[in-house]
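Asks: Here is my input; please provide its structure:
(one chain, ligands or ions: 1)
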Amino acid sequence: MSTTLRELLVAERESEACSLSGDISDKEDSTTTSPLFSSEEELSPENLKKNTAPAAFLLDLKLSENLDKEELTKSSEFITLEPATIVDNSFEESEPSYSSVKEVLKTAEESPFSSDLKCKKLSKISSDLKIELVTLTDLIKEPSATLEKVIAKSVEKCEAEGEATVSEESAVITSREVVGGRTTETDEATVSVQINECVSDNAKSTALTLKQCPSVGVKLDVSDLNIFQRLNGGGLLLSPESCTMVDEAWERLSKSYVYFKGKPVGTLAAMDTSADALNYNQVFVRDFVPSGLACLMKEPPEPEIVRNFLLKTLHLQGLEKRVDNFTLGEGVLPASFKVLYDSDQEKETLLVDFGASAIGRVAPVDSGFWWIILLRSYIKRTRDYALLDRPEVQKGMKLILKLCLSDGFDTFPTLLCADGCSMIDRRMGIYGYPIEIQALFYFALRCAKQMLKPERDGKEFIERIEKRIAALSYHIQTYYWLDFTQLNNIYRYKTEEYSHTAVNKFNVIPESIPDWVFDFMPLRGGYLIGNVSPARMDFRWFLVGNCIAILSSLVTPAQATAIMDLVEERWEDLIGEMPLKITYPALEGHEWRAVTGFDPKNTRWSYHNGGSWPVLLWLLSAACIKVGRPQIAKRAIELAEQRLSKDGWPEYYDGKTGRYVGKQARKYQTWSIAGYLVAKMMVENPSNLLLISLEEDKKIAKSRIVRSNSSSF
Ligand code: GLC
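Replies: The predicted structure follows:
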């Protein structure tokens, strides 16, 4: 019997209807805690240890994926994505099926600032410095005035002055070079865009000077935020109801919303006004994932922003992407985009970065994978099949897959990557086959397999995916896995072996094993190492890769349990005083110089080089719950709660134990906020995990039982 995501979801809905049957694994949308973790008692470490991985994997039972695909009755006429165009009509196109989502879901109450009209008016306010001064004066005169009141006053003033509303027209611009590498801006947030060949003729004809679109949730300009932070002890002025950390986080999250043509399309990377914006005033694809998940997990959910984000970024995928004279693959999704507002022409414009503006000029390999993963979460939550069936959505997925499933010179099923192509977006010695990307690749392939329609070339893609995931899981489970036994095997490796009988297949020289691994490796536990390629094993721990490997079932249940054992055994190193180390250990001295190229931002125990990133809490929490160890997540969340809000939700912490707010960390970093919310919601309602987790692929699990395996599992 074959099953697709749609069929599984229908089955879930049916079983929800007869939930009295006692089957607990299918209550995806239920607000009650899954009986697996139904009381504090059942959450106790003893009980959970008894359950460990196999029991926890029950959570995913209803997601059991069969390998064949159903024949979908609907025809799939493919349409070509719009070419790069100056007028962006993507929202108009999406209207009809949006109303169908609305029918299914009760839309969440809108924030006072989210209606189209208010958004437009407030956009005008914050792009007008005179009115900023009014808000400042009002606040000083009336310190007790709420932000809303002050803004309302400014709106009145704005109306009295006869300000027009924002024009419906808007534009999309891809920029090869935006003044000085990262986008630079003046204090008034004015950006000079150096137009390049990618921009349509319309755009080229006028030298645009654009103001950053102030269409963020709070509808305030940067200078306003500074003032509020001062008035409110370093934090954005929050409504009196924001008394808990969770309330505060929700409020901050909604204030980071970025609007395009009056609709929310993403969240700003950070809302820190005390530091240079650089590109932190953009919507990053990877950064939006926790924001999107928070909106989907919320009760009632707020799927609109996720839907808009998915369609908007898909639309941007259709643009031509260039770095100098070279054109990037069609399927590449942006690293980030930004809404600019041209007050003269009253136009909103999207400025898109596919890596051509990023430091190091590397395309974000992870963006497309995250896009597919988020699409699945959105469909699972909303059952908006109309969106999934849209030819452009199916085509967008295939374009992403085409980038990584094409034949080449590869001898490994892993994906060859440049340094800096993922969350660690600068030189950190993770070129080659980094686990961070391989795990995401596997996850995205499996999500796509559930969502692709078999019509036309869809079937061929599904077959290629099946072959690739089988090969990839064997490769990763076998060659990336490191535990005490495997470390000992590698330590005793012979070298220079030739032919297929070789045990040391990649000719790793045992002397290259760094000393720290011998101390770090506990007797109980193990992990996927950072990278494997000829004569090179990067033994560093990377959090994202290991957690994604658990969520996507790239690792076996036993390996997943062992990863959690390692986290517990090495708590001081990997969690310390502030969760969560992005990588361990840090590169120091000569190694740091050689590997990072003397990167002053990535000094030892800072930023990507052993810094601690609160955003990673959601990934750890999801992985813990899947493995049946939610108490680990709870412990980490409690640690974060001691400081995160007080410290202003920093982007990252520095130091061996993560004690210090990061040297150049932005405050009010949106994914630190959203990551915390997602972690909280998953621990409180573990069924939320179903939005972001896949059970084991039956075929792969079966083949593992029959094959002989040199690894410990
Ligand atoms: C930094 C991070 C990157 C993130 C971006 C925006 O560059 O390294 O992963 O997407 O900031 O927050």
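
Asks: Near the ligand, which residues of this structure are found?
Replies: 269, 280, 284, 286-287, 423, 425 (Cβ under 6 Å from any ligand atom). Glycine gets a C-beta too; all of them are placed from N, C-alpha and C.

Asks: With adjacent residues omitted, what lies nearest to Ala524?
Replies: Slight slip there: residue 524 is Arg, not Ala. Closest residue in space to Arg524, ignoring its immediate chain neighbours: Asp565 at 4.9 Å, by Cβ to Cβ, 6 or more residues apart in numbering.

Asks: For this protein, which helix or strand comes out least confident on mean pLDDT?
Replies: strand 190-192 (a mean of 25; mean pLDDT, DSSP states H and E).

Asks: from the stretch 301-450 of the chain, which residue is nearest to the ligand?
Replies: The nearest approach of the stretch 301-450 of the chain to the ligand comes at Met423, 4.0 Å away (Cβ to the nearest ligand atom).

Asks: Adding pLDDT and distance to Ala470, write the residues of the chain next to the ligand out as JSON lines.
Replies: Below are the residues of the chain next to the ligand laid out as JSON lines (pLDDT from 0 to 100; distance: Cβ to Cβ, whole Å):
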{"residue": "Ala269", "pLDDT": "97", "distance to Ala470": "37"}
{"residue": "Tyr280", "pLDDT": "89", "distance to Ala470": "40"}
{"residue": "Phe284", "pLDDT": "98", "distance to Ala470": "32"}
{"residue": "Arg286", "pLDDT": "98", "distance to Ala470": "27"}
{"residue": "Asp287", "pLDDT": "98", "distance to Ala470": "32"}
{"residue": "Met423", "pLDDT": "96", "distance to Ala470": "27"}
{"residue": "Asp425", "pLDDT": "95", "distance to Ala470": "31"}
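
Asks: when you check those residues against the strands, which ones overlap?
Replies: Within the residues of the chain next to the ligand, residues falling in strands by DSSP state E are Phe284.

Asks: Now the buried members of the residues of the chain next to the ligand.
Replies: Burial by neighbour count, 16 or more other Cβ atoms under 10 Å: within the residues of the chain next to the ligand this picks out 269, 280, 284, 286-287, 423, 425.

Asks: how about JSON lines for those, with distance to Met297 added?
Replies: Listed next are those as JSON lines, based on distance: Cβ to Cβ, whole Å:
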{"residue": "Ala269", "distance to Met297": "21"}
{"residue": "Tyr280", "distance to Met297": "25"}
{"residue": "Phe284", "distance to Met297": "20"}
{"residue": "Arg286", "distance to Met297": "18"}
{"residue": "Asp287", "distance to Met297": "17"}
{"residue": "Met423", "distance to Met297": "21"}
{"residue": "Asp425", "distance to Met297": "26"}
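
Asks: And those, which two are furthest apart?
Replies: Spatially, the most separated pair among those is Tyr280 and Met423, at 14.5 Å (Cβ to Cβ).

Asks: Who are the contact partners of the closest residue to Pro290 other than its chain neighbours?
Replies: Spatially, and ignoring its direct neighbours in sequence, Pro290 is nearest to Ala674 (3.8 Å; Cβ to Cβ, 6+ apart). By Cβ atoms under 8 Å, 6 or more residues apart in numbering, the contact set of Ala674 is 249, 253, 267, 290-291, 293-294, 615, 618.

Asks: what helix or strand is Ala674 on?
Replies: Using DSSP states H and E, the element containing Ala674 is helix 670-684.

Asks: what is the rounded mean pLDDT of that helix?
Replies: Taken as a whole, helix 670-684 has a mean pLDDT of 98.

Asks: and the next element down the chain from that helix?
Replies: With elements assigned by DSSP H and E, the helix or strand that comes after helix 670-684 is helix 698-706.

Asks: Can you point out the buried residues in that next one?
Replies: Residues 700, 704 are the ones in helix 698-706 that count as buried (16+ other Cβ under 10 Å).

Asks: CA atoms only: put it into CSV for me.
Replies: Taking Å, rounded to 0.1, in the frame of the first residue of the first chain, the C-alpha atoms of helix 698-706 are listed here in CSV:
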residue,chain,number,x,y,z
LYS,A,698,11.5,1.4,6.4
LYS,A,699,13.4,0.2,3.3
ILE,A,700,16.7,1.7,4.6
ALA,A,701,16.1,0.2,8.1
LYS,A,702,15.5,-3.2,6.6
SER,A,703,18.6,-3.1,4.4
ARG,A,704,20.6,-2.2,7.5
ILE,A,705,19.6,-5.4,9.2
VAL,A,706,20.8,-7.6,6.4
